[in-house]
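1. Sequence first, then the predicted structure, then my questions.
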Amino acid sequence: MKFTHHPSRPPHLSYLEKCFMGLGCFTLLMIVGMHALNLDSKFIAPAAVLMISASVMGFTWQRFTHSSPGIQNNGVWFSSLTNRKEWAILTTVSISTFYTLLYWWPELLGYHAEGNTGFVAWFDPLSMLLKKQPASQWFVYGLFYTLAILLFGFRFIVKYRHSAYQVRRTLSVMLFQLLFAFLLPEFMLRMNLPYADLKNMWPLNYYFFDGWHLDLLSTKGIAGWSILAFGLLMIFVISPALTYFYGKRWYCSWVCGCGGLAETAGDSFRHLSDKSLRAWKIERWLIYSILLLAMVMTGGVLYSYFTGHIHLLGISTQSLRAWYGFFIGAAFSGVIGVGFYPLLGSRIWCRFGCPMAAVLGIQQRFFSRFRITTNGGQCISCGNCSTYCEMGIDVRAYAQKGENIVRASCVGCGICSAVCPRGVLKLENGSVDWKNRI
Amino acid sequence: MPRTVIIGNGIAGSTCARWLRKLCDDEIILISDESDAFFSRTGMMYVYMGHLRWKDLEPYEPWFWKKNRIHCVHDRVIAFDFQMQTLQLDQGKMLAYDRLILALGSLPNRLEIPGDHLDGVTGFYHKQDLEYIERISPSVKQAIVVGGGLIGIELAEMFHSRNIEVRILVREKAYWNAVLPHEEAQMISRHIRQKGIHLDLETNLQAIHGQNGVVESITTDQENRWPCQLVGLAIGVRPNIDLCKQTDLETDRGILVDDFLQTNLPNVYAIGDCAQLRNPSIGRKAIEAIWYSGKKMGECLASHLAGQNQTYSPGIWFNSAKFFDIEYQVYGWVPKQFDHQTDALYWEHANGQKSIRIVFDVSSKAVLGFNLMGIRFRQEVCEKWISTATCLEDVLASIRLAFFDPEFYPDHAKALYACYAKKTGRSIHASASGKLNEVLRFLKS
């Protein structure tokens, strides 16, 4: 295992760290191997989950508790995994492959409507327990997604244990993922209610206004109508109000599942985001184009639903919806958005693709009390804030001028403030200085 | 088009170039033999520790300088001709100037002791020092750091991050006791030792011993001999003015400048670490080799040259640093010892890693300065209190206006009030909650 490029450079892995890392790699190989051999036992799933948990938690404990609480970025740019070297490429290939199989070849993961095999089948007992149905590939995905946020959330909390803001924020994303994204929807299915992740609103949840979804909600009585009403309320009232008071961070780094994974499992890769002006230009074109596309697509779908016409201006609304789902919903947010953490940084999807982030960003830029304030002339232009900004904001450009930072893309993770060695940055809410917003 | 040549692309020179470009249309040439572009000198330690790459230290992308018509030249000036207003560059070129700005920076002080010249003995100031330390690090198992200041602790933290055993030799009774009051210096000393670093107080380096020209051990005046493969000298810096010594330029320790930062020669100015003020303001040093002063001087000189007739006034003193995990901020006047005219309210957290010190005038009770360890305060608020001579109890009542720690961090106001009550028997009632709106109102009032 080549983790260092230079004999004296950290990170040096201690013996125990290597053991825990080895356990994790071994477990992943074991899963792939047993799946390939089509082995089945009710012990495999709990054993795999336990071994992965032990690996991540043990490694975390060894890595971060021997030094006193504080910023732990020694050797970040020396490690193969976090400096786009061999281990980063291997990780990207593995995760992207997993997503590709998940979206387009779930049968290779063992999902079969008539009876699961291998990997997916191992989780049938848990699925039966939760919702009295055999597992689907999405159930297994949701389980591992939640596990990742919980385990790497644990890692994040230990790593940033000196920061009350980071600890609270991370507990929040862990709870929202576990309860709202994973347990509650499965439980609702079991109660014969429609599956709904209540925190996942349109346009991130791009199927919300699909015909089949509206039909489903309308057949589920009061519960269905409540979910529809709550979804609309979230889009038009709750989220603008919360964004006005606290900035988009209330969602992007306290609630959202995509953000939750980026903040926890993606924490080791946050510094890989591109800070150049060019990247910012691409970001603005791309994210607002996707927002526009999401709105046009949703408008088309609603048009077809209410009028019965399948074409709008000569375009099939159904195929537009299908292409959106393929390119944006699956390829961008999953395969690239998560798979490319180790090459492009942890918030590629949130920064360049997420239409929800685009909407909240516009609100934050023009109508929000949130801003990052800078502390007089204390900035030394060292660049820690910009480097560790996962959204690729050149925070230093503002800090060294003593300017407030009001940017559409800022998710308020607070890491710039944490890594600043001179105490220059603070996330704050105060009355809007309207004349500086336009 | 008049040509302004700036020698040195550090914070002073680069800031001056940027502001000149904003304010006028001169031809601007920025010369440095150290680096291609401006970088954050104070952030160099983070490159060694792997937090940042070198290019992350550069606050402006490479296209920035070209776009702003600031011509960067990577070369070394080897002679001046102040009569003809020309410079001789190392690569053979002569360069004429209409205005010359000297932002030459500092050189690390050396010790006049045996072994000072050995391989493995280095200061830490220039990009080349970082490259040198990086190059020899693989063969370093033990390092000695000499000097108890801000660079010393940076070096210690750097070596510590590479699992190099570090020993710091400090002349004073506690770390940075030459500047910090006793309690804060004690806190830093404790913290250094908690990190597993040897801290030898009241100890001087006596000799450096080598083998085949390479450092191999040192001896101290405490009769100890410590093996080491690297000696980091962090015993202060001095203006980098050797080139100016044999010229008409008037120098003392630094290049002497007036209130407009002009030297004794026409069209020649000096800013940053290399400048020595003829008339420093009360309580300030003639040479301030710190980032913030360099930045202010660069900005001030640019405005002056652009015709705004501006004199340099450094404002209320401030500085900051980070000692491993403990952040440090200072605003205003904080002496290391107190006499009958000044006193301080000092509160220290039970964990021994956070403290607040508020210095005040004994007779008027006006607040003079703040010294913060492990706690962040707002600069503008502290400055306003100091500049308006607000009395201690008023400051305490509205102390939350100054808190700049991140959200959800513990609020230390009550502990501070208890500390004040213990000292004086008087109780304080908080008059501010510290919300941003309140702070902005206070700063506007």
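-> Cool, got the structure. Numbering: from 1, shown residues only, chains lettered A, B, ... in the order given.

2. Would it be right to say that residue A:382 lies in a helix?
-> No - Residue A:382 is assigned coil when assessed by DSSP: H, G, I helix; E, B strand; the rest coil, not a helix.

3. Let me know whether it touches residue A:419 as I believe.
-> No - look at residue A:382 against residue A:419 with Cβ atoms under 8 Å: they stay out of range, at 9.4 Å. Any C-beta I mention is one placed from the backbone N, CA and C, and that applies to glycine too.

4. Comparing those two, which shows the higher neighbour count?
-> Between residue A:382 and residue A:419, counting by other Cβ atoms under 10 Å in any protein chain shown, residue A:382 is the more crowded of the two (31 against 22).

5. Now do the contacts for the residue lying closest to that one once chain neighbours are set aside.
-> Among residues not flanking residue A:382 along the chain, residue B:43 sits closest, at 3.1 Å (Cβ to Cβ, 6 or more residues apart in numbering or on different chains). Contact analysis of residue B:43 by Cβ atoms under 8 Å, 6 or more residues apart in numbering or on different chains lists A:380, A:381, A:382, A:383, A:384, B:52, B:56, B:57.

6. hmm, 7 Å instead?
-> Taking Cβ atoms under 7 Å, 6 or more residues apart in numbering or on different chains as the criterion, residue B:43 is in contact with A:380, A:382, A:383, B:52, B:57.

7. Name the helix or strand for the residue nearest the centre of chain A, please.
-> In chain A, the residue lying closest to the centroid (Cα atoms, centre = their mean) is residue A:258, at 2.1 Å. Here residue A:258, judged by DSSP states H and E, is contained in helix A:257-264.

8. What helices and strands are in contact with that helix?
-> Here helix A:257-264 touches helix A:137-159, helix A:164-175, going by 3 or more Cβ pairs under 7 Å, 6 or more residues apart in numbering or on different chains; DSSP states H and E.

9. Nearest to chain B, out of the ones you listed?
-> The closest of the helices and strands packed on helix A:257-264 to chain B is helix A:164-175. By Cβ to the nearest Cβ, the value is 3.9 Å.

10. could you say what helices and strands the closest one packs with?
-> Packing partners of helix A:164-175 (3+ Cβ pairs under 7 Å, 6+ apart): helix A:137-159, helix A:257-264.

11. buried residues in the longest one?
-> By neighbour count with 16 or more other Cβ atoms under 10 Å in any protein chain shown, helix A:137-159 contains the buried residues A:137, A:139-159.

12. List the contacts of residue B:131.
-> Per Cβ under 7 Å, 6+ apart, neighbours of residue B:131: none.

13. ok, now residue B:115?
-> Residues in contact with residue B:115 (Cβ under 7 Å, 6+ apart) are B:207, B:208, B:209, B:210, B:215.

14. out of the residues you listed, who's nearest residue A:189?
-> residue B:215 (70.9 Å; Cβ to Cβ).

15. now the residue nearest the centre of chain B: how far from residue B:179?
-> For chain B, the residue nearest the mean C-alpha position is residue B:290 (3.3 Å; Cα atoms, centre = their mean). For residue B:290, the distance to residue B:179 (Cβ to Cβ, to the nearest Å) stands at 12 Å.

16. low-confidence ranges in chain A?
-> Within chain A, the segments meeting pLDDT under 70 span A:1-11, A:438.

17. Please enumerate the strands of it.
-> Listed in chain order, the strands of chain A (DSSP state E) span A:311-312, A:315-316, A:370-374, A:425-429.

18. Phi and psi next, for residue B:30.
-> Dihedral angles of residue B:30 (phi, psi; degrees, to the nearest 10) stand at phi -120, psi 110.

19. Show me what it bridges to in the sheet.
-> Residue B:30 forms beta bridges with residue B:6, residue B:72, as assigned by DSSP bridges.

20. Residue B:15 is in contact with that one, correct?
-> No - if you go by Cβ atoms under 7 Å, residue B:30 and residue B:15 don't touch, sitting 10.9 Å apart.

21. I'm done for today, thanks for sticking with me.
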